[in-house]
Each structure stands twice: as structure tokens, then as C-alpha cells.
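Chemist: this one's sequence-less:
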């Protein structure tokens, strides 16, 4: 299989992910659904030859030593691909995530105004969260592109691997990649503070050391953007706190209350016509009231504050889902599928919804 030709076809079909493994034809994820291609099942020799063609000699050696790795791959004029290569029952397999070659325009992503408002923050921490494949990277890329077009600042991105590649507009953007440019997220954040940054994008706050470094960067007068694999604002706050041992959590809670500016929890909903998906967002804006509740670890109040916080740009996931249902962008079944509180949605459909999160 010629990998370049196959990937061109996959991108043309609007695939977001490509699965290559032994014993089945290559599979595509299109609009959230896995779809088989019409190619023949792949043999062990097929997958090894195809996937090794994307790797340098050094990358092949590293893969054979570690048995799994993340790399990026680019076809000029088409797209970049974030590639995870692994062994499955002794055979080489991979999943490729398609990264469009053009950085997304924030205004074209269909996101709430609050997300654009976050880009005007000068300091603090903003977290974009959600499960794998929910569009977190695309949302962050749209935010960086908007800042790049409108602000005279220095942006440093630390990624694993680099996905969207930016060209300087009004901003200067430095992009660093784990392994190739730095040994770890914490090290890169530490040295980024000496590189005259205004904004630091951390690809993922995946461990305690990275979270600690990101909080310090936000405390010292920088705007830090990052991601977590959490489903809502309360879970996000708890994930940050619980990354630390119990005797440190009270201090971290105070740090987080001081620096957190907002969270964006995101999921992708299949449109009612079945063609394409739309981002659906829970938005937490950290007002003085929200900050006080975080400081006191009164997290049970957060959902109610989000539900009542429309004037500050906040919305719950259910409010966002129900809004798209009322606008006939998504079906009610799709709204239920993505909801963590289906009973609330069903009550609203029966006429109990007032727009205030009751």
C-alpha cells in the first residue's frame, strides 16, 4: 500500500482518524463512526512496510526498542498526521489522527463567545478538556491563531508531537516538540520562563510535575493554555488537585483558585443530517464567586453557578446540547447520547426548561 496515496483518499473522505492493523483492511473514522475501506485485509508484512515507510532510521530503532511511539508525519499540501505506532499480538499497527494543514479560524469553529473572550486574558490558566477525539487540539489551535492575528506577544507551544504549524502574524510563535526539542513538559516549561514568553501552550497536563510547572508559570504572570482528559469543570478541578499527595492539596487548591481563568469541556455531536459534527461546550468562567468556592473546596456549587452564569458567558453541557436540539442542529437522541444527566434533558423537553438551568 502506498501510504501517501491512501492518506490522500482518507483525507478526501473527511476521515478524522485512520486505523491500520493486521488482519483487516484499513479503517477510517468519519463523523465519529468507524468505516471499513474496500481494501484487502493487511498482512504483517503489509503493515510493517507501510508504517516503517513513515519513519526515519532513528525512529525505527526507537520503536523497536520501546515497542510504541508517537510521531508526526506530513504530506505537503495535504495534511499533517499525528501517528501512534504500536505492537498488537507481535505485529505492527498504528492509528493516525488527521491534522488539517491550515490552522483553523476561531470564528469558523462554531464555539461560544466566551472562548474568544478567554484569549484576551493576560495571565492565568485556561484548560480545554474532553475525551480523546473531542477536538481539544483544534479549539486550542483556533485560540492561538486568533491571538496570533490580534496580539503582539510571544507564544511558546510545547507539544507531543507538534500538530498544527503556525506562521507568525502579529505574534512570534516558538514551537517545541518532546524528544526532538526537549526531554519533558516540565523541563520545557521551566526553560520557557527564561525565553520571554507571554503565552505558553502545554499540549497536555499529563502528570503532577507538568501540572506543578504549569501552575507556577501561570502564577508568575503568564497565560497558560493546556488540556486534560476530563469531562466537566468539577472533574477538571479535582483532577488537578488529586495529582498531588494529600498534604499538598490545600496549597494547590489555593494556587488553582488564584490562577484559573476558565475551563472549556468539549464533546463533538453528530449533526442531525448525519453530515459532519459540531462542538458542544460546557463553559466555566472563573468569577469572584466561583473563585471563592474553589478556594473553599465547595465544588458541589460549581454546576449551579455555571447553570446560572449565562450573563458571564457560562453554560452547562446540557444547556449547550439542548440549545442545539432546539435549533435543530442535532437530534434529541444525539443530545441524550452525549449528556451526563439525561433525566434533566428529558424534563426540559417536556416543557420544564426555562433557560436558567433549572
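Modeler: Here it is on my side, so go on. Since this is a predicted model, take the numbers as computed values, not measurements.

Chemist: Only C-alpha atoms from now on, for both contacts and neighbour counts.
Modeler: OK.

Chemist: Give me the local confidence score for the spatially most central residue of the chain.
Modeler: With distances taken as C-alpha atoms, centre = their mean, residue 136 lies nearest the centre of the chain, 2.1 Å away. With respect to pLDDT, residue 136 scores 97.

Chemist: thought it was touching residue 143?
Modeler: No - counting by C-alpha atoms under 8 Å, residue 136 does not reach residue 143; the two are 10.7 Å apart.

Chemist: Poorly predicted segments of the chain, please.
Modeler: 352-358 (pLDDT under 70).

Chemist: Show me it divided up by domain.
Modeler: Residue ranges for the domains of the chain, per automatic domain parsing: 3-100, 106-352.

Chemist: Could you measure from residue 296 over to residue 308?
Modeler: Taking C-alpha to C-alpha, to the nearest Å as the measure, residue 296 falls 20 Å from residue 308.

Chemist: Between these two, tell me which one has more neighbours.
Modeler: residue 308 (18 against 13; other C-alpha atoms under 10 Å).

Chemist: how close does the more buried one get to residue 80?
Modeler: Residue 308 is 41 Å from residue 80, by C-alpha to C-alpha.

Chemist: got it, and residue 280?
Modeler: Distance from residue 280 to residue 80, by C-alpha to C-alpha: 25 Å.

Chemist: Strands along the stretch 251-358 of the chain, start to end?
Modeler: Taking DSSP state E, counting those that start in this stretch as the criterion, the stretch 251-358 of the chain carries its strands at 260-270, 277-285.

Chemist: In CSV: those, plus mean neighbour count and distance to residue 17.
Modeler: Below are the strands of the stretch 251-358 of the chain laid out as CSV (neighbours: other C-alpha atoms under 10 Å; distance: least, C-alpha to C-alpha, whole Å):
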stretch, mean neighbour count, distance to residue 17
strand 260-270, 24, 14
strand 277-285, 24, 14
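
Chemist: Between the two ends of stretch 309-326, what distance do you get?
Modeler: 20 Å.

Chemist: same deal with stretch 236-249?
Modeler: First residue to last in stretch 236-249 (C-alpha to C-alpha) measures 14 Å.

Chemist: got it, and stretch 334-351?
Modeler: 19 Å.

Chemist: What residues of it count as buried?
Modeler: Residues of stretch 334-351 classed as buried: 335-336, 338-339, 344-345, 348 (neighbour count, 16 or more other C-alpha atoms under 10 Å).

Chemist: same question, stretch 156-176
Modeler: Buried residues in stretch 156-176, counted by 16+ other C-alpha under 10 Å: 156-164, 166, 171-176.

Chemist: Helices - which of these land there?
Modeler: Judged by DSSP state H, helices contain none of the buried residues of stretch 156-176.

Chemist: any idea which of these is the one closest to residue 247?
Modeler: residue 158 (29.6 Å; C-alpha to C-alpha).

Chemist: re the thing from before, name the stretch among the domains of the chain that sits most buried.
Modeler: domain 106-352 (a mean of 19; mean count of other C-alpha atoms under 10 Å).

Chemist: didn't residue 162 look like it was pressed against residue 180?
Modeler: No - using C-alpha under 8 Å, residue 162 is not in contact with residue 180; the gap is 10.1 Å.

Chemist: where exactly do the helices run in the stretch 101-250 of the chain?
Modeler: Secondary structure of the stretch 101-250 of the chain by DSSP state H, counting those that start in this stretch: the helices cover 113-118, 136-150, 185-192, 208-219, 233-242, 246-259.

Chemist: Make CSV out of the ones you listed and add distance to residue 38.
Modeler: Below are these laid out as CSV (distance: least, C-alpha to C-alpha, whole Å):
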stretch, distance to residue 38
helix 113-118, 40
helix 136-150, 29
helix 185-192, 41
helix 208-219, 43
helix 233-242, 41
helix 246-259, 50
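
Chemist: of these, which approaches residue 272 most closely?
Modeler: Closest among the helices of the stretch 101-250 of the chain, using C-alpha to C-alpha: helix 136-150, at 21.9 Å.

Chemist: Excluding chain neighbours, what is closest to residue 38?
Modeler: Nearest residue to residue 38 in three dimensions, chain neighbours excluded: residue 25, at 7.2 Å (C-alpha to C-alpha, 6 or more residues apart in numbering).

Chemist: and the one you found, helix, strand or coil?
Modeler: coil (DSSP: H, G, I helix; E, B strand; the rest coil).

Chemist: Got phi/psi on it?
Modeler: Main-chain dihedrals, residue 25, degrees, to the nearest 10: phi -70, psi 160.

Chemist: what separates it from residue 53, distance-wise?
Modeler: 18 Å.

Chemist: quick one, what contacts the residue nearest to the centre of the chain?
Modeler: Residue 136 makes contact with 128-130, 227, 266 under the criterion C-alpha atoms under 8 Å, 6 or more residues apart in numbering.

Chemist: which one of these is nearest residue 76?
Modeler: residue 227 (27.8 Å).

Chemist: Quick one: residues contacting the closest one.
Modeler: Taking C-alpha under 8 Å, 6+ apart as the test, what residue 227 contacts is 127-129, 136, 202-205.

Chemist: Okay then, goodbye and thanks.
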